[in-house]
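Show me how the following folds:
(2 chains)
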There are 2 protein chains.
Amino acid sequence: MTGVGEVGERRLIEVFRNLFQSHHESTLVGIGDDAAVVRQGGQTLVITTDAFTEWFHFRIDQISPDQIGAKALTATVSDCAAMGCQPLWVTVALAVPADTSAERVEGIALGMKEAAERYGCDIVGGDTIQAMSDLSLSLTAVGAPFGERVLLRSGARVGDELWVTGSLGGARAGQLLLEKAPRLTLEKEFRESVLRFLQPEARISVARILATAYPVTSMIDLSDGLSVDAHHLARESGVGIRIEKKKIPTLSSAQKVVGALGIDPVELALNSGEEFELLFTLPPGEGKDLPARIQKEAALPVTRIGVVVPAEEGVALADKDGNRTPLVEAGYEHFRPPGEE
Amino acid sequence: MTGVGEVGERRLIEVFRNLFQSHHESTLVGIGDDAAVVRQGGQTLVITTDAFTEWFHFRIDQISPDQIGAKALTATVSDCAAMGCQPLWVTVALAVPADTSAERVEGIALGMKEAAERYGCDIVGGDTIQAMSDLSLSLTAVGAPFGERVLLRSGARVGDELWVTGSLGGARAGQLLLEKAPRLTLEKEFRESVLRFLQPEARISVARILATAYPVTSMIDLSDGLSVDAHHLARESGVGIRIEKKKIPTLSSAQKVVGALGIDPVELALNSGEEFELLFTLPPGEGKDLPARIQKEAALPVTRIGVVVPAEEGVALADKDGNRTPLVEAGYEHFRPPGEE
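Model (predicted):
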């Protein structure tokens, strides 16, 4: 008997993907992208579900109830952003052990509510159930395209430019600080990284600009980290990707964490999950005015970090001399064998 | 500090209902009915989420993995049926402890897939995560109205007739057998009740007939049991309900369980949750041909069991002499204080 700890999450997704073949013509895209794409009565919608459990996704000694709620909602609607869609309606399933305080549950709900208002969506329903020991949440968001079409992972073409929003590494830096040097989290210079981990933002407004004003060919959000999500994009598009190491934008305050904990800064940026920045491709030259516009309208950097190459080249990191090394998918994998970190 | 075990599920739903006020004009009905009702691009949709945890919703020594999957999907799409809607797309969040066998997870997935095909909907996405100790599922279904409109809990008017599909008590009888007399479950005469509990059916095709051919004024599915759900309907409609005790249709094979376990048959029928029969109201005389039609097209009885009365009368059970006793809401309440059964 093989336990799911050994099977791994990706294998299970493959099993489900094969099992849950779509039958309806109303289902345009099923399992495999950031969200499903469906169509009814002339209206295209995306549907996405994310789940979170204590210990594996959050530790209640590290994060406040309202931050748990806000982060779970952020992660869920970020999948809508990654599809070029506005999240409209969210439902919430909450499983709580009987000894959980009502204040904690209400704190989680309040965090979700405030995040939903910030992103412009309504929490329209849900279910609250009792659990034996695990506090867990599952959120579903339904959204509609900002523009004429939904942006998939699968549209990248050879020659396209690879872009990313924001500065990377902060979330992982904050997580490492909380785990390995909790006292440092109180110091001002480390606060930004900790907040990136505890209070990430979904890039809804940036997604709107990209989806309505730029010919984006593919998009994904960085929920698993750049190294993993670049592979997702390449795999679904049937292409390779070359990322220029020195162009990867790293959060400057995360650099301080690098110094304090002795970690390679590029590793940090490559393997920082739950950042919810957007990774996307544009035909060559189409992003010329993009950095200025996103800086002006969303106060966020956006950086061209690489290029789409033929599938044979795989997904690789190029150094300043042009030497390429395969990019290892080292991000977050939920099912780890017990006892292994 | 008050734990949620003491607060109770209904109180939490009230908290959430007050907290999660809807802001968008696209949200027609938020928390409080079987499903939320939303509207986008001229298309009305319903969205509903249900969650299930081991021990509280199923015991893996009583129910097979495929039955777990099918029952969870049935419970979720039943909320669409209760709104007069066809479930179209379903997402699944699955949290599993690391030592869960891959066969069990695949069995659950297979059960969901087969049920989805039976009900005519697609499983379009989801998330699989690791849990510390609780196996849990959360499903979301999105559906569209069979007819011109969505059927709410809130439309019952004084004078309407109260109807119910199917025969009641089987699910609770089966559950009691499994708990108190597991050896009896192997006997043929008890098998039907056990299957009602392990393999319930959502009344999708009956909902289609009701929504397209009858002026149904309100509807709800019996997920909590007749006594509780009659109160839900009355409360949301601002009316009272009088149920004629002798008209409540009881599953004949459940009567045998009554004999074997010494339980009052009406109690069994009133407090049998997870049956997923439909409870609905019709203006007087509008259901004349209904029993014959539902029997012919869905091979199911449908019975007029009572009448909608002014709110002041409350929700009551009337005996054959017309004596009324208040109907106690004795169905399923998820959050019970620990140690209390």
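
in which helix or strand would I find residue A:141?
Per DSSP states H and E: residue A:141 is located in strand A:136-145.

where are the low-confidence patches of chain A?
Low-confidence segments of chain A (pLDDT under 70): A:1-10, A:331-341.

residue boundaries of the strands in it?
A:27-29, A:36-40, A:43-53, A:85-97, A:122-131, A:136-145, A:161-165, A:218-221, A:240-244, A:278-282, A:302-309, A:315-318, A:324-326 (DSSP state E).

Show me what the fifth one is packed against.
The reference is to strand A:122-131. strand A:85-97, helix A:102-119, helix B:4-7, helix B:9-19, strand B:27-29, strand B:36-40, strand B:43-53, strand B:136-145 (3 or more C-beta pairs under 8 Å, 6 or more residues apart in numbering or on different chains; DSSP states H and E). Where you see a C-beta, it was placed from the backbone N, CA and C, and this is true even at glycine.

Sheet partners, orientation included, of that strand?
Counting by DSSP bridges, the strands paired with strand A:122-131 are strand A:85-97 (parallel).

Any idea which residue is closest to the centre of chain A?
residue A:223 (2.3 Å; C-alpha atoms, centre = their mean).

Identify the residues contacting that residue.
Residue A:223 sits next to A:75, A:78-79, A:229, A:273-276 when contact means C-beta atoms under 8 Å, 6 or more residues apart in numbering or on different chains.

how about 10 Å then?
Counting by C-beta atoms under 10 Å, 6 or more residues apart in numbering or on different chains, residue A:223 touches A:34, A:50, A:75, A:78-79, A:82, A:200, A:229, A:232, A:273-277, A:331-332.

Against residue B:209, how distant is it?
According to C-beta to C-beta, to the nearest Å, residue A:223 stands 43 Å off from residue B:209.

Over to residue A:322?
With distances taken as C-beta to C-beta, residue A:322 is found 69 Å from residue B:209.

So those two - more neighbours on which side?
residue B:209 (17 against 8; other C-beta atoms under 10 Å in any protein chain shown).

So the more buried one is in contact with residue B:81, correct?
No: Residue B:209 is not in contact with residue B:81 according to C-beta atoms under 10 Å; the separation is 11.1 Å.

Identify the contacts common to these two.
With C-beta under 10 Å, 6+ apart as the test, residue B:209 and residue B:81 both reach B:146, B:203.

Residue A:20 versus residue A:125, what's the distance?
From residue A:125 to residue A:20 the distance is 23 Å (C-beta to C-beta).

between the two, who's got more neighbours?
Legend: neighbour count by other C-beta under 10 Å for residue A:125 and residue A:20, higher for residue A:125 (31 against 21).

quick one, what contacts that one?
Applying C-beta under 10 Å, 6+ apart, the residues near residue A:125 are A:89-93, A:140, B:16-17, B:20, B:27, B:29-38, B:46-49, B:79, B:140.

just the buried members of the residues you listed?
A:89-93, A:140, B:16, B:20, B:27, B:29-38, B:46-49, B:79, B:140 (16 or more other C-beta atoms under 10 Å in any protein chain shown).

Provide the count of other residues in contact range of residue A:134.
Neighbours of residue A:134 (other C-beta under 10 Å): 22.

so what's it up against?
A:53-56, A:95-97, B:53, B:95, B:97, B:130-136.

Tally up the residues packed near the closest residue to residue A:146 other than its chain neighbours, please.
Excluding its sequence neighbours, the residue lying closest to residue A:146 (C-beta to C-beta, 6 or more residues apart in numbering or on different chains) is residue A:211, at 4.1 Å. By other C-beta under 10 Å, the residues close to residue A:211 number 23.

likewise residue A:262?
Quick note: residue A:262 (other C-beta under 10 Å) scores 7 neighbours.

OK, contacts around it?
If a contact means C-beta under 10 Å, 6+ apart, then residue A:262 has no contacts.

can you give me phi and psi for it?
phi 70, psi 50 (degrees, to the nearest 10).

distance of it from chain B?
In this view, residue A:262 and chain B are 29 Å apart by C-beta to the nearest C-beta, to the nearest Å.

wait, which of the helices and strands packed on strand A:122-131 is closest to residue B:264?
Residue B:264 lies closest to helix B:9-19 among the helices and strands packed on strand A:122-131, at 25.0 Å (C-beta to C-beta).

The closest one to strand A:85-97, inter-axis angle?
Comparing the axes of helix B:9-19 and strand A:85-97 via axes from the mean of the first three to the mean of the last three C-alpha atoms, to 10 degrees yields an angle of 150 degrees.

Against which helices or strands is helix B:9-19 packed?
Applying 3 or more C-beta pairs under 10 Å, 6 or more residues apart in numbering or on different chains; DSSP states H and E, one finds that helix B:9-19 contacts strand A:85-97, helix A:102-119, strand A:122-131, helix B:4-7.

Distance to residue A:248 for those - can I get that in CSV?
CSV is the format used below for the helices and strands packed on helix B:9-19 (distance: least, C-beta to C-beta, whole Å):
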stretch, distance to residue A:248
strand A:85-97, 27
helix A:102-119, 27
strand A:122-131, 35
helix B:4-7, 44
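
So which bits of the stretch 151-300 of chain A are right by chain B?
Counting by C-beta under 10 Å from any C-beta of the partner chain, the stretch 151-300 of chain A comes close to chain B at no residue.

Could you double-check that residue A:94 sits in contact with residue B:51?
Yes: with contact defined as C-beta under 10 Å, residue A:94 and residue B:51 form a contacting pair (7.5 Å).

which residues are in contact with both of those two?
A:126-129, A:131, A:136-138, B:138.

now, among those residues, which is nearest to residue A:254?
residue A:137 (27.1 Å).

Which strand residues bridge the closest one?
Under the criterion DSSP bridges, residue A:137 forms beta bridges with residue A:52, residue A:94.

Quick check: it touching residue A:65?
No: using C-beta under 10 Å, residue A:137 is not in contact with residue A:65, being 11.1 Å away.

Give the residues shared as contacts by those two.
In terms of C-beta under 10 Å, 6+ apart, residue A:137 and residue A:65 are both contacted by the residues A:58, A:108.

The two: which is more packed in?
Counted by other C-beta under 10 Å, residue A:137 and residue A:65 do not tie: residue A:137 has more neighbours, with 30 against 21.

check contacts around the more buried one.
Contacts of residue A:137 (C-beta under 10 Å, 6+ apart): A:50-54, A:57-58, A:68-69, A:71-73, A:75-76, A:92-96, A:108, A:112, A:126, B:51, B:93, B:95, B:138.

try 6 Å
Contacts for residue A:137 (C-beta atoms under 6 Å, 6 or more residues apart in numbering or on different chains) come out as A:52, A:72, A:94.

Tell me, how many residues neighbour the second one?
This points to residue A:72. Residue A:72 has 26 neighbouring residues, counting by other C-beta under 10 Å.

What of the one 4 residues further on?
Under the neighbour criterion other C-beta under 10 Å, residue A:76 is assigned a count of 31.

my read: it touches residue A:140, true?
No: Residue A:76 is beyond contact range of residue A:140, at 7.2 Å (criterion: C-beta atoms under 6 Å).
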